[in-house]
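> All I have is the shape, not the residue letters:
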């Protein structure tokens, strides 16, 4: 299956990478690696992740407190958002 990132998911990913890199050099790169590993798990078995009432599925990253929200449609995977827990704290430093 092919995986596509919608505009909001791309923004989420870049913002999270930048935020983590502001915390520590290279941490954003580590987040990116983990995010791509999560994409790999989703592509391998997208139906492994439970579907909610809106048709979205959530895949958790293993190391970082983040989830990838996605939908399946006609043999395609559409990533809608990448939600990072505490991201506001990362940005504000609080």
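Sure thing, it's come through. As the structure is a prediction and not an experimental result, all values here were calculated from the model.
> from here on, contacts and neighbour counts on C-alpha atoms
Fine.
> element containing the closest residue to residue 29 other than its chain neighbours, please.
Of all residues not flanking residue 29 in the chain, residue 17 sits nearest, at 6.7 Å (C-alpha to C-alpha, 6 or more residues apart in numbering). Assigned by DSSP states H and E, residue 17 belongs to helix 7-23.
> what mean pLDDT would you report for that helix?
For helix 7-23, the mean per-residue pLDDT is 95.
> Following the chain onward from it, which element is next?
Heading C-terminal from helix 7-23 (DSSP H and E), you reach helix 27-44.
> May I see the buried residues of that following helix?
27, 28, 30, 31, 32, 34, 35, 38, 39, 42 (16 or more other C-alpha atoms under 10 Å).
> helices or strands up against it?
Helix 27-44 sits against strand 2-5, helix 7-23, strand 57-60, with contacts defined as 3 or more C-alpha pairs under 8 Å, 6 or more residues apart in numbering; DSSP states H and E.
> Comparing these, which comes out most buried?
Most buried of the helices and strands packed on helix 27-44, by mean neighbour count (mean count of other C-alpha atoms under 10 Å): strand 57-60, with a mean of 20.
> could you give the mean pLDDT of that strand?
97.
> Give me the contact list for that strand.
38, 42, 49, 50, 51, 66, 67, 68, 69, 70, 71 (C-alpha atoms under 8 Å, 6 or more residues apart in numbering).
> So which of those are in strands?
66, 67, 68, 69, 70, 71 (DSSP state E).
> Would you mind giving the residues you listed as JSON lines with neighbour count and pLDDT added?
Listed next are the ones in strands among the contacts of strand 57-60 as JSON lines, based on neighbours: other C-alpha atoms under 10 Å; pLDDT from 0 to 100:
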{"residue": "66", "neighbour count": "20", "pLDDT": "95"}
{"residue": "67", "neighbour count": "19", "pLDDT": "95"}
{"residue": "68", "neighbour count": "22", "pLDDT": "97"}
{"residue": "69", "neighbour count": "17", "pLDDT": "96"}
{"residue": "70", "neighbour count": "26", "pLDDT": "98"}
{"residue": "71", "neighbour count": "18", "pLDDT": "97"}
